[in-house]
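In: Need the 3D shape of this:
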Amino acid sequence: MAVAHQGGTETRLREAVAERLGEARFGLWFGEGVQLGVSGDALEVGVPNAFFREWIQGHFASNLIEAAEAVTGRPLRLTFRVFDEAEPKVGGVIEPGPPDERRRPTVTIPMSPAPRPPASPPERPRNQSRPPRRLDDFVTGPCNRLAHAAAVEMVQSSGSAFNPLVVHAGVGLGKTHLLEGIGRALRARHPGLRLIQATAEVFTNSFLDAMRTGTLASFRSRYRGAEALILDDVHFLAAKRATQDEFLHTFNALIADGAPIVLAADQHPKRIARLTDELATRFLGGMVVKLDTPDLATRRAILKAKAAARGVDVPEAILDYIAEHLRASVRELEGALHSLIAHALLTGKRIDMALARTALRDTIRHTAQAVALRDVERIVCQLFEVEPDALKSVSRARALTYPRMLAMYLIRKHTGAAYSEIGRHFGGRNHSTVISAEKKVLGWLRDEQRTSLLPGFETIADVLAALERMLGV
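Out: Numbering: from 1, shown residues only. The predicted structure is shown next:
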């Protein structure tokens, strides 16, 4: 039986539940990942995992039933659907009873299983556990203002101003938010638009499935007949020659038809190792924008916006505390804020500096100690006064090979990055090059190798010590 998730029913249900729980508790437990709907004689609650089911069932069952009955005007029982459960499991279904009995719900029948998602769907499912994020909710600053403006322009011009739009950045800096916002805005601006929004992995798997099952014609018709394409993680295509060739033809067909294309990657197209020149040059034919790590003011603005969206009043000093200590990504900031709010709700304490220090002690300690690959690159370039692009170049000049080897050694020592990952970062070199660099530096240290690379440093050990001080390790 279809669940009435659409329209005003869900909105009225959410408003009725929020009225009974308060905005803070409602924001924590009934946010974007939770759905409410009416199916027959049941109020169905869609939750992301079993933990949410257990908590909501144990703490808010009576509130949910009362809210549902107030909205529908009839008695309803409570059921749950867990999105991350592929197999049916026995769970709680709470039958309505007299008001004095509803605080003691009993388990009566197995709950409805979550629907099994199709393998490698070619398009982002419309019934995902949360709606796509919006461009209006994207907090801008010097680190991302150009990328956001380009996203808005892509929506308004539908690709006529530039095509494609390529967004690149590290993990957790907002690439997916921008892509979801563009997709949502395009659909709103052009109802009925044949938009495919997926990841490069989904495209790859669908292409391989089509080859295996002899359905290439259908696959090509679907992708090349799209009126807009949004593809995340295009770096996944690297080293997959057949898939890259297929995507090249798809790309050309869409560009010829004037269909807007939006792509996201973890680095600039020219730096994606083993991406064909044909694809790289076509990506560069539109607009390429980068999302940088947010500065302090932007981090603070992001936290303030996220807290407001949750309906929680977080003191200014607490926002400053989080923003000053967590600098790597937007995702890191969101996680810290959610953890703090959860601690406040679960302990019944108000949000103050003492609670923030307790709730975020481990997060901040581990984050402060973490060293990223790009941190090492930055301080090596700073000390040796070279550009990152030069460090990644094919040049074998001593002024570049020595800093490059030192950077590789420090990255292995302090980040635990794989040899292959380090090699890819430094111009697509293979893992054996990084192993050789590490052995070379260890030999220098063992032999107390003297150096004339930098004035004021007598040995390689002195240089490494200075670099590690700059890293704060």
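
In: State the number of residues packed around T401.
Out: 14 (other CB atoms under 10 Å). Heads up, the C-betas are built off the backbone N, CA and C, glycines and all.

In: so who does it touch?
Out: The neighbourhood of T401, defined by CB atoms under 8 Å, 6 or more residues apart in numbering, consists of S395.

In: repeat that with 7 Å
Out: Going by CB atoms under 7 Å, 6 or more residues apart in numbering, T401 touches no other residue.

In: Could I get the pLDDT score of it?
Out: At T401, the pLDDT value in this model is 92.

In: all helices of the stretch 201-350 of the chain, in order?
Out: Using DSSP state H, counting those that start in this stretch, the helices of the stretch 201-350 of the chain run over 216-224, 241-257, 277-283, 296-309, 316-325, 330-347.

In: In TSV: these, plus distance to R53, mean pLDDT and mean neighbour count.
Out: TSV is the format used below for these (distance: least, CB to CB, whole Å; pLDDT from 0 to 100; neighbours: other CB atoms under 10 Å):
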stretch	distance to R53	mean pLDDT	mean neighbour count
helix 216-224	36	94	16
helix 241-257	39	95	17
helix 277-283	43	93	16
helix 296-309	24	90	18
helix 316-325	30	89	17
helix 330-347	17	87	18
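
In: Sticking with V38, tell me its helix or strand.
Out: V38 is located in strand 35-39, with elements delineated by DSSP states H and E.

In: what's in contact with the very next helix or strand once past that strand?
Out: Heading C-terminal from strand 35-39, the first helix or strand you meet, by DSSP H and E, is strand 42-47. Strand 42-47 has contacts (CB under 7 Å, 6+ apart) with 3, 34-37, 53, 56, 64-65, 68, 76-83, 129.

In: Ok, stretch 465-473 next?
Out: The contact list for stretch 465-473 (CB under 7 Å, 6+ apart) reads 371, 375-376, 379-380, 383, 406, 410, 414, 457.

In: Repeat that for stretch 346-365.
Out: So stretch 346-365 is contacted by 314-315, 317-318, 321-322, 325-326, 336, 339-340, 343-344 (CB under 7 Å, 6+ apart).

In: Buried residues in it, which are they?
Out: 351, 355-356, 359-360, 363-364 (16 or more other CB atoms under 10 Å).

In: and which of these is nearest Q244?
Out: Nearest to Q244 out of the buried residues of stretch 346-365 is T363 (CB to CB; 39.1 Å).

In: measure the residue nearest in space to the middle of the chain to T459 for me?
Out: In the chain, the residue lying closest to the centroid (CA atoms, centre = their mean) is G172, at 5.1 Å. Using CB to CB, to the nearest Å, G172 is found at 38 Å from T459.

In: one step back: how about the contacts made by the residue nearest to the centre of the chain?
Out: 329-332.

In: JSON lines for those residues, including distance to A253?
Out: JSON lines is the format used below for these (distance: CB to CB, whole Å):
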{"residue": "S329", "distance to A253": "35"}
{"residue": "V330", "distance to A253": "34"}
{"residue": "R331", "distance to A253": "35"}
{"residue": "E332", "distance to A253": "39"}
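
In: ok, which pair from those is furthest apart?
Out: V330 and E332 (7.2 Å).

In: doesn't P388 make contact with E377?
Out: Yes. Using CB atoms under 7 Å, E377 is in contact with P388, at 5.9 Å.

In: which other residues reach stretch 230-238?
Out: 175-176, 179, 182-183, 195, 197-201, 203-204, 243-244, 247, 262-267, 272-275.

In: are any of these buried, and which?
Out: The buried subset of these (16+ other CB under 10 Å) comprises 175-176, 179, 182-183, 195, 197-200, 203-204, 243-244, 247, 262-266, 272-273, 275.

In: In strands only, show me those.
Out: The members of these that map onto strands under DSSP state E are 195, 197-199, 262-265.
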